[in-house]
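Engineer: my questions are about this predicted structure, shown below with the sequence.
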Amino acid sequence: MKLELRGITKSFGALVANDHIDLVVESGEIHSLLGENGAGKSTLMNVLYGLYEPTAGEILIDDKPVMFAGPADAMAAGIGMVHQHFMLVPVFTVAENVALGGETTGFGGILNLDDTRRKIREISARFGFDVDPDALVDELPVGVQQRVEIIKALVRNAKILILDEPTAVLTPQETDELMDIMGQLKSNGTSIVFISHKLREVKAVSDTITVIRRGKVVGSADPGAATTELASMMVGRAVSLTLDKADAEPGEVTFKVSNLTVMNDAGQRLLNDISFSVADGEILAIAGVQGNGQTELTEAVLGLHKHIQGSIMLDGRELVGRSVRQVLDAGVGFVPEDRQDDGLVGEFSIAENLVLDLYTQEPYSRWGSMNRAVIAKNAKEKVAEFDVRTQSSQDAADTLSGGNQQKVVLARELSRPLKLFIASQPTRGVDVGSIEFLHKRIVAERDGGTPVIIVSTELDEVLELGDRIAVLYAGRLMGIVPGKSSRELLGLMMAGLPADEAQAQLDAPAAGSSGAGDVAPAGDTEGERS
Amino acid sequence: MSVTANIKPSKAVDRVAIRSWKNPILLGVLALFAVVVFALLGPSGDATFRISQDSDVWQVPNLVLPTKVFGIVVALLCVGLAVTAYRQMKQEGRIAKWVTMAFAVVFVVGLLVWIIGGTKTQNITLVGLFTGAMLITTPLVFGSLSGVLCERSGVVNIAIEGQLLAGAFTAALVASITQNAFAGLLAAAVAGMLVSFLLAAFSIKYVVNQIIVGVVLNVLVSGLTGFLFEKIMKTKVDGVTIYNQPVHLPDLPIPFLSEIPILGPMLFRQSIIGYLMLILVAAIWFGLFRTRWGLRIRAVGEHPKAADTVGINVNRTRFLNVLAGGAIAGVGGAYFTLVAVSSFSKDMTGGLGFIALAALIFGRWNPIGAALAALLFGVAGNLQSILSLAGTPIDGQFLAMLPYALTILAVSGFVGKSRAPAADGEPYIKG
């Protein structure tokens, strides 16, 4: 089935998210849409899937114009979509989720899920998915949830499958498995629209690449094109993808975590007996797939968790049991992973956000009254220093783009003398231009002699910044490896192998001959394990 | 041989006991109370529970309990259970469910016996207790079913009180004018739907805060029915207030079933509204959990965007559910004026709409759970009115708090956490 978009324009008020976009997806090809966060890729796909009504332009399937009033029409036309944030009801079973909207029913609308179960098993078997139709979605790992989304589309006979940033939540190995699945789907004649901002993946999997910048198609590229060429098309100027970073000169070890265990209210161990230390002037990057204890680790240091065992020592002082205020006063700077919810107050001005944790101190306030002039002056300086792109520092923080919001958070946290700096997902959802800047500031803080902890689920970022890399899996530390370790090693550790076992597996004779991150078909693997 | 990623250690997280001493301490305090009050200060004499009425076909002998002895037994059981709870918490880090449940049952029975033994007559009619409770339970069930339908689809319905009141007023007025109780019943459903229509229009279409719209609607209905009550219902024609003389719905006892002790008079000697209640509880439960209709409603209430992406019209589903909920609450309101009492009076629902919300939460957004919670609140409320007549050792004002104290305990999660639908109260804005 051939899909064509002609002159699609979508505007939200004054903002033009898609500007006359033309796109042709041929039958049975993998067509990548490459662009930065906020370039308009997801908007375009939501138009195609009937979630948004285009302001102008038309959609053609097999050269016939079609109109979608809603997702139901798009599905009927053979378009399926796997959203970046899964569209699954967590308290439903797999079968209920797959059936939803296209249920088989008996007399009086009584649900009959057997038919759905059979289809799920059928598709599962065909692609080696291993999905139990009666499992509760909430209890499935993200990778499996994604497969449920794919099954949802296939059950509805999707001929064109849109995958919106599908690899964001996956381990490198799961990513490779997904690419395998994409290959199988393609050979079955399904066309795939693959949306991503990760150059490596796009190059690996695409037949055709279309690059989008600021809502416009800026050109198409061959998968063989150089990475730097793709990057500069995506960003609109030459970008350096590698960070100029001197080797670390670690000083004294001032931050030490020993036997840290964190539990939730139900008594589940979210972190299990973690020990590590960070020296002055060193960056420890913490890698792992989202939800393996990273959030809990940073929150535990900050004093946000109730049930903690073990010790967290900074400069010879115990942090466990202290209030957040005391921890901040001890010299901990913290960039939370979700800047919009935890890092900023969106309705407050940029100037106010820049003193969120300083406002009680002189000169920002005196006798309980804030000194507006000083706060405004501080804002002016920080906005200039951190290159925050804004009309005025009195604008609300949520009018800023993601990258500029993050600069504000970083500016605030770095404006105090720090004894420890923790940044969680420092560049998530941030444009490439800002990433460069944010990374430089973090390295500058390290070079100033502060111990730095970076938590990131992006392997590229971890490799870029980390002087040493720690990997978390299911709340356990899989080991700490040097900053220049291989992707394959980190990938295996992220999938739950301790560092030494992972290394041993990589050192095994034939392992070297397989391509970077290649994964054997599931069948082979099973044989090997037994 | 090749590198594989499929060797994953079990991701199951092991548990550690996190000890919370709140519950053992609470049980300990209550056990102490039982020892002092039920055992040491217990009244002498017998407490009599009358199970059958004289008119019953099958006579079940009265239950006679020696108050003092029974109080001692209850106190000992309570102490034993409290100690068990303490030891379980110490050893296993959590209290088994049955311990708390057993404690609650034993304590409540002990309390009941102690109170009855302390009254002047020292006896109580269980039939009276339960059938009287239905006067409160029935509107509560309708109210909470309305809540189930609305909240399962993601709209918080604070306007249940207003819907009940609108139903009560309209039923009285229409049944008086037409001299037809069924016309009144139908009109009540329409009135409840009208209130719902406003709730749905403002909260779904115009995305006004659902709580605020609900509160405003309650005030609006209270004011409007109060005004019309003064202006119309009090109008006398030939010295009679003809607009507030509703014809009543007849009781329709079901042969055989109505003769079962306690349950018979309670459930099977009701008007059509009572039977409608039983049918609705079962039907809504079945509908929610066994049919396509219910799957879609629950999806809309849990993850509206997911429902939208598979072609379900979220806001239409919500609108229809809120309307249906209004109709149900309206019928519950009709119970006041067509069954329970002879005429409408100002603000006669007396906050039951809010207790219905509590029953909904206590019942974990499940129709059957909500109905059982409504029954519990009904019994507690009726016990209070029976005892205040019988002359109890406890002050009547204190007993009057009982249903509300129970409500707070229920809502605060003492009986286990209850989880609202994830998108409850969240408007869905497309795009």
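Structural biologist: Perfect, thanks for sending it. Residues are numbered from 1 along each chain as shown, chains lettered A, B, ... in the order given.
Engineer: mind pulling up the pLDDT for residue 351?
Structural biologist: Picked chain A for this. Looking at residue A:351, its pLDDT reads 95.
Engineer: hmm, no, I was thinking of chain B.
Structural biologist: pLDDT, residue B:351: 91.
Engineer: neighbours of it, just the number please.
Structural biologist: 12 (other Cβ atoms under 10 Å in any protein chain shown). C-beta here means a position set from N, CA and C on the backbone, and glycine is covered the same way.
Engineer: and if you look at residue A:365?
Structural biologist: 17.
Engineer: okay, which residue is most central for chain B?
Structural biologist: Nearest to the mean C-alpha position of chain B, counting by Cα atoms, centre = their mean, stands residue B:374 at 2.1 Å.
Engineer: ok, now which ones touch it?
Structural biologist: Counting by Cβ atoms under 8 Å, 6 or more residues apart in numbering or on different chains, residue B:374 makes contact with B:137, B:140-141, B:143-144, B:356, B:359, B:363.
Engineer: now it. Nearest residue, chain neighbours left out?
Structural biologist: The shortest distance from residue B:374 to any non-neighbouring residue, by Cβ to Cβ, 6 or more residues apart in numbering or on different chains, is to residue B:140 (3.7 Å).
Engineer: quick one: low-confidence ranges for the stretch 401-530 of chain A?
Structural biologist: Scanning the stretch 401-530 of chain A with the threshold set as pLDDT under 70 gives A:509-530.
Engineer: can you give me the strands for it?
Structural biologist: Secondary structure of the stretch 401-530 of chain A (DSSP state E, counting those that start in this stretch): strands at A:420-424, A:452-455, A:468-473, A:476-482.
Engineer: what number of residues lie near the residue in the stretch 301-450 of chain A positioned nearest to chain B?
Structural biologist: At 5.7 Å from chain B, residue A:307 is the closest residue in the stretch 301-450 of chain A, using Cβ to the nearest Cβ. By other Cβ under 10 Å, 17 other residues sit near residue A:307.
Engineer: do the same with residue A:467
Structural biologist: When neighbours are counted by other Cβ under 10 Å, residue A:467 comes out with 23.
Engineer: let me see the contact set for it.
Structural biologist: Applying Cβ under 8 Å, 6+ apart, the residues contacting residue A:467 are A:247-248, A:250, A:282-285, A:446, A:483.
Engineer: and what of residue A:248?
Structural biologist: A:281-283, A:446, A:467 are the contacts of residue A:248 under Cβ under 8 Å, 6+ apart.
Engineer: neighbour-wise, which of the contacts of residue A:467 leads?
Structural biologist: Neighbour-wise, those (other Cβ under 10 Å) top out at residue A:283, 27 neighbours.
Engineer: can you tell me the helix or strand for the residue nearest to the centre of chain B?
Structural biologist: Assigned by DSSP states H and E, residue B:374 belongs to helix B:367-390.
Engineer: now for the nearest residue to residue A:78 once chain neighbours are set aside: which residues touch it?
Structural biologist: Of all residues not flanking residue A:78 in the chain, residue A:159 sits nearest, at 3.8 Å (Cβ to Cβ, 6+ apart). Contacts here follow Cβ under 8 Å, 6+ apart; on that basis residue A:159 touches A:1, A:78-79, A:189-191.
Engineer: show me which of those is closest to residue A:384.
Structural biologist: residue A:79 (47.3 Å; Cβ to Cβ).
Engineer: still on that earlier bit, pick the one among the contacts of residue A:467 closest to chain B.
Structural biologist: Using Cβ to the nearest Cβ, those come closest to chain B at residue A:285, 20.8 Å.
Engineer: specify the beta-bridge partners of the closest one.
Structural biologist: Judged by DSSP bridges, the bridge partners of residue A:285 are residue A:454, residue A:469.
Engineer: looks like it contacts residue A:472 (just checking).
Structural biologist: No. The pair residue A:285 / residue A:472 is not scored as a contact, 11.2 Å apart, by Cβ atoms under 8 Å.
Engineer: helix or strand: which one has residue A:18?
Structural biologist: Here residue A:18 is assigned to strand A:15-25, by DSSP H and E.
Engineer: what comes up buried for that strand?
Structural biologist: A:16-19, A:21, A:23, A:25 (16 or more other Cβ atoms under 10 Å in any protein chain shown).
Engineer: now swap in stretch A:435-447 and tell me
Structural biologist: Here stretch A:435-447 shows A:435-439, A:441-443, A:445-446 as buried, counting by 16+ other Cβ under 10 Å.
Engineer: then stretch B:72-90?
Structural biologist: B:72-79, B:81-82, B:84-86, B:89.
Engineer: avg pLDDT for it?
Structural biologist: 92.
Engineer: with just CA atoms, put that stretch into CSV.
Structural biologist: What follows is stretch B:72-90 as a C-alpha-only set of coordinates in CSV (Å, rounded to 0.1, in the frame of the first residue of the first chain):
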residue,chain,number,x,y,z
ILE,B,72,-16.2,-10.7,78.7
VAL,B,73,-16.0,-13.1,75.8
VAL,B,74,-15.8,-10.3,73.3
ALA,B,75,-13.2,-8.4,75.4
LEU,B,76,-11.0,-11.6,75.5
LEU,B,77,-11.4,-12.2,71.8
CYS,B,78,-10.5,-8.6,71.1
VAL,B,79,-7.4,-8.8,73.2
GLY,B,80,-6.4,-12.1,71.6
LEU,B,81,-6.8,-10.6,68.1
ALA,B,82,-4.9,-7.5,69.0
VAL,B,83,-2.0,-9.5,70.4
THR,B,84,-2.0,-11.7,67.2
ALA,B,85,-1.9,-8.5,65.1
TYR,B,86,1.0,-7.2,67.1
ARG,B,87,2.9,-10.5,66.8
GLN,B,88,2.2,-10.8,63.1
MET,B,89,3.5,-7.2,62.5
LYS,B,90,6.6,-8.0,64.5
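Engineer: all strands of chain B, in order?
Structural biologist: Using DSSP state E, the strands of chain B run over B:46-50, B:63-66, B:123-125.
Engineer: packing partners of the longest one?
Structural biologist: Using 3 or more Cβ pairs under 8 Å, 6 or more residues apart in numbering or on different chains; DSSP states H and E as the contact definition, the elements that strand B:46-50 packs against are strand B:63-66, helix B:67-92, helix B:97-118, strand B:123-125, helix B:126-152.
Engineer: number of nearby residues for the closest residue to chain A within the stretch 51-200 of chain B?
Structural biologist: Closest approach between the stretch 51-200 of chain B and chain A, counting by Cβ to the nearest Cβ: residue B:93, at 6.7 Å. Residue B:93 is flanked by 14 other residues according to other Cβ under 10 Å.
Engineer: again, but for the one 4 residues further on
Structural biologist: Using other Cβ under 10 Å, residue B:97 has 10 other residues around it.
Engineer: mind checking the end-to-end distance for stretch A:186-202?
Structural biologist: 15 Å (Cα to Cα, to the nearest Å).
Engineer: quick one: that stretch near chain B?
Structural biologist: No. Residues of stretch A:186-202 are not located near chain B by Cβ under 8 Å from any Cβ of the partner chain, the shortest gap being 15.7 Å.
Engineer: list the buried residues in that stretch.
Structural biologist: A:186, A:190-202.
Engineer: how far off centre is stretch A:245-262?
Structural biologist: 25 Å (Cα atoms, centre = their mean, to the nearest Å).
Engineer: should've said stretch A:86-106
Structural biologist: On Cα atoms, centre = their mean, the centre of stretch A:86-106 falls 26 Å from that of its chain.
Engineer: do that stretch and chain B meet at all?
Structural biologist: Yes. For stretch A:86-106, a contact with chain B is found by Cβ under 8 Å from any Cβ, at A:86-92, A:96-97, A:99-103, A:105.
Engineer: who wins for neighbours among these?
Structural biologist: Ranking those using other Cβ under 10 Å puts residue A:97 first, with 30 neighbours.
Engineer: quickly find the element holding that residue.
Structural biologist: Using DSSP H and E, residue A:97 falls in helix A:94-99.
Engineer: ok, and what's touching the helix or strand that comes right after that helix?
Structural biologist: Scanning forward in sequence from helix A:94-99 by DSSP H and E, the next helix or strand is helix A:114-127. Contact with helix A:114-127 is made by A:94-95, A:98-99, A:103-104, A:129-131, A:133-134, A:151, A:154-155, A:181, A:184-185, as judged by Cβ under 8 Å, 6+ apart.
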